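Chemist: Any chance you could fold what I've pasted below:
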Amino acid sequence: MFSGGSYDEVARWLRVFLVSHAKREDPRIEVVLDRDGALEGRAYRAWLRFGEEVSEPMELDFKDVADHRGALAWCGALAGRTRAQARSLLGAGSAGDAR
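Modeler: Numbering: from 1, shown residues only. As a prediction, this is how the structure comes out:
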């Protein structure tokens with residue numbers, strides 16, 4: 001499988017992964033990936049955004065992502081977590097959109 005990689009390579013993979021699973025719930029959901037400052041080289045922080053609504057941040061350890069991005073079970077769990085947060089955002093946004 002394709003585990004490992006540099007911090008930047010893993011960040012690119014993580015962003016694409018999160019986007020692909022969040023957008024399965026709604027194509028308007030955006031992913032914000034923070035990897036600067038104190039996180040640089042050791043972790044990533046990601047949020048989902050839907051309009052004005054923003055999810056709780058997910059903090060992911062660089063080594064954990066690099067070591068497990070080729071593992072189906074780990075990826076499945078992260079996909080489920082991402083999609084659950086996306087559905088939560090959609091529910092929060094729809095309360096104000098109800099007519």
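
Chemist: Please count neighbours and contacts with C-alpha atoms only from this point.
Modeler: OK.

Chemist: Check the gap between residue 4 and residue 71 for me.
Modeler: 11 Å (C-alpha to C-alpha, to the nearest Å).

Chemist: Give me the more crowded residue out of the two.
Modeler: Taking other C-alpha atoms under 10 Å, residue 4 and residue 71 do not tie; residue 4 has more neighbours (17 against 13).

Chemist: mind listing what the more buried one touches?
Modeler: Contacts for residue 4 were tallied using C-alpha atoms under 8 Å, 6 or more residues apart in numbering; they are 10, 63, 66-67, 69.

Chemist: I'd like the next helix or strand past the strand or helix carrying residue 20.
Modeler: Element membership of residue 20, judged by DSSP states H and E, is helix 7-22. Per DSSP H and E, the first helix or strand lying C-terminal to helix 7-22 is strand 30-34.

Chemist: For that next one, name the packing helices and strands.
Modeler: With contacts defined as 3 or more C-alpha pairs under 8 Å, 6 or more residues apart in numbering; DSSP states H and E, strand 30-34 has these neighbours: helix 7-22, strand 43-50.
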